[in-house]
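**Student:** 3D, please:
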Amino acid sequence: MKDYPRIYSLSTINIIHHQNFDYLFHPFRTDFSGDSGVGKSILTDLIQLILVGSTVYESAIESNGDRPFNHLVLESKDKGDFGYAFLNVEVEENSFLVIGTFIERNKNRSQAFIVKKGIGFQNYPFALLDQPMIIRDFEFDDKWLPIDELKTKLNTSDYYGFEKWQNFTGYHLHLKENSILPLDLSTGNNTLRYYAQILQAFSRKGIDVKNKMSLQDFLFGSDKRTVFVEEYDKAVKDLQEDNDLFQSNRNEISDIEKKRDKLQNLYELKTKKESLEKDYAIQKYMSTIREFNAIQKELKTVLEKYFQFKNEISYLNKEISDKIKYIEDNKTQWETYLEIAEADFKVHEQKKEEISKIDDYIKDTGLQTAEELLTFHKNFHLKKIIEISLNY
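**Tutor:** Residues are numbered from 1 along each chain as shown. Purely as a prediction, here's the structure:
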């Protein structure tokens with residue numbers, strides 16, 4: 001099975017024998033089969049016309065007169081005297097680029113076109129379509145549009161990008177840069193003509209494989225035949241010079257390799273040193289950050305205590321001030337209270353002495369209860385009264 005890119009399908013619009021049709025290609029088989037006259041060679045002519053253009057086109061049929069490319073279009077005034085043929089090239093799996101040809105029956109030159117995803121054809125590789133195009137994608141309002149109108153329609157959509165070429169040089173350059181063709185057909189007419197001959201040969205526009213010169217012309221082109229010997233002699237001479245140069249440079253290469261190894265070792269050491277320095281710098285930075293955070297936290301605590309103590313000192317100063325004022329305001333009154341208290345204390349001392357005498361008396365008389373004390377007191381007064389009466 002062919003790797004990518006590969007031809008996924010060939011579509012025809014208003015082409016003789018095929019009208020409007022989409023042909024899917026087998027991923028392995030590349031042959032066309034069918035009865036004579038059904039249009040097999042027309043398909044190969046269309047592929048040739050798409051790839052190389054009309055300037056070097058020759059029909060694949062062998063007859064007295066080649067079939068002009070513009071006669072591939074159906075002659076129809078209703079549908080317009082023009083037609084399209086295009087290939088869906090699967091560049092990657094399920095990703096497509098459309099290349100094609102626009103043919104007008106009354107013109108002697110075809111136009112090439114490319115359809116891709118999105119507008120702009122300056123950058124390579126081109127953005128690819130998510131699915132292949134079919135002939136219905138070229139139809140608008142139940143009719144086929146000429147190429148200029150088709151370009152406008154597709155370029156005003158949100159998906160397609162369409163560009164056309166009357167000069168095939170730019171077209172072939174795009175095909176080479178996007179790896180659709182294996183060689184650059186924009187370099188000159190000879191390359192383009194030889195490539196067209198290869199396509200024609202695959203379509204039975206035969207070469208005589210028994211004829212040595214004919215086979216060389218097919219494979220290499222007629223102007224290459226006399227060049228081979230000169231290229232061979234030049235190659236032998238270049239090879240000898242290369243061998244001499246190799247011998248003379250062998251020691252130098254060895255020295256360079258030794259220097260390279262030393263430089264590689266120095267580079268590895270330098271890389272290791274830079275890595276270690278980087279790790280050290282990171283660790284030092286992280287340590288500094290941790291110390292900074294700890295100091296910042298400690299400073300915050302100290303400041304909080306400072307403001308707390310400052311507030312407390314302010315409060316205490318106010319309390320002391322208030323109490324000093326209170327003392328000063330009440331000093332005279334307290335001095336008066338002190339004098340009264342001292343007088344009361346003297347009275348208290350006198351009463352204390354009297355109570356002490358009574359306590360001593362109670363102890364001497366042995367009186368223990370209040371009842372006994374009252375009885376004694378009554379009797380004491382009664383005796384006093386009798387004694388006074390007797391004395392009188």
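**Student:** okay, how far is it across stretch 32-48, tip to tip?
**Tutor:** The first and last residues of stretch 32-48 sit 15 Å apart, counting by CA to CA, to the nearest Å.
**Student:** what are the ranges of the strands in the protein?
**Tutor:** 6-15, 19-24, 82-92, 95-104, 111-117, 139-140, 143-144, 160-165 (DSSP state E).
**Student:** Of all these, which one is nearest V347?
**Tutor:** Distance to V347, taken as CB to CB, is lowest for strand 111-117 among the strands of the chain, at 122.8 Å. Backbone N, C-alpha and C define where each C-beta goes, glycine included.
**Student:** If you count neighbours, what's buried in the closest one?
**Tutor:** Q111, A112, F113, I114, V115, K116 (16 or more other CB atoms under 10 Å).
**Student:** what's the answer for stretch 152-160, then?
**Tutor:** Buried, per 16+ other CB under 10 Å, within stretch 152-160: L154, Y160.
**Student:** Work out the gap between that stretch and the centre of the chain.
**Tutor:** Centroid displacement of stretch 152-160 relative to its chain, using CA atoms, centre = their mean, to the nearest Å, is 28 Å.
**Student:** contacting residues around it?
**Tutor:** Contact with stretch 152-160 is made by V115, K116, K117, G118, I119, L129, F140, L145, G161, F162, as judged by CB atoms under 8 Å, 6 or more residues apart in numbering.
**Student:** 10 Å instead, please
**Tutor:** Contact with stretch 152-160 is made by 98, 113, 115-119, 129-130, 133, 137-138, 140, 145, 151, 161-163, as judged by CB atoms under 10 Å, 6 or more residues apart in numbering.
**Student:** For PyMOL, what selects the buried ones among these?
**Tutor:** Selection command for PyMOL covering only the buried members of these, criterion 16+ other CB under 10 Å:
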select buried, resi 98+113+115+116+129+133+137+138+145+151+161+162+163
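**Student:** To S41, which of the strands of the chain lies closest?
**Tutor:** Using CB to CB, the strands of the chain put strand 6-15 closest to S41, at 12.5 Å.
**Student:** what does the average pLDDT come to for that closest one?
**Tutor:** Strand 6-15 comes out with an average pLDDT of 92.
**Student:** Which strands or helices does that strand pack on?
**Tutor:** strand 19-24, helix 40-52, strand 82-92, strand 95-104 (3 or more CB pairs under 10 Å, 6 or more residues apart in numbering; DSSP states H and E).
**Student:** quick one: the residue most central in space within the chain from Y84, how far?
**Tutor:** Central residue of the chain (CA atoms, centre = their mean): A127, 19.0 Å from the mean position. The spacing between A127 and Y84, counted by CB to CB, to the nearest Å, is 22 Å.
**Student:** Check I119 too.
**Tutor:** Taking CB to CB, one finds I119 at 20 Å from Y84.
**Student:** Backbone dihedrals for F25, please?
**Tutor:** Main-chain torsions, F25, degrees, to the nearest 10: phi -90, psi 140.
**Student:** surely it meets S11?
**Tutor:** No: if you go by CB atoms under 10 Å, F25 and S11 don't touch, sitting 11.2 Å apart.
**Student:** The two: who's more crowded?
**Tutor:** Comparing F25 with S11 by neighbour count (other CB atoms under 10 Å), the higher total belongs to S11, at 26 against 16.
**Student:** mind listing what the more buried one touches?
**Tutor:** With CB under 10 Å, 6+ apart, S11 has these contacts: 18, 20-24, 46, 84-88, 98, 100, 132-138.
**Student:** and those residues, which are buried?
**Tutor:** 18, 20, 22, 46, 84-88, 98, 100, 132-133, 135, 137-138.
**Student:** any idea how far the closest residue to R67 other than its chain neighbours lies from P68?
**Tutor:** Nearest non-adjacent residue to R67, counting by CB to CB, 6 or more residues apart in numbering: S59, 4.0 Å away. Between S59 and P68 the computed distance is 8 Å (CB to CB).
**Student:** repeat for I340
**Tutor:** 149 Å.
**Student:** A127: what's its closest spatial neighbour, skipping adjacent residues?
**Tutor:** A127's closest residue in space is K117 (CB to CB, 6+ apart), at 4.0 Å.
**Student:** so who does the one you found touch?
**Tutor:** S95, F96, L97, F126, A127, L128, L129, D130, Y159, Y160, G161.
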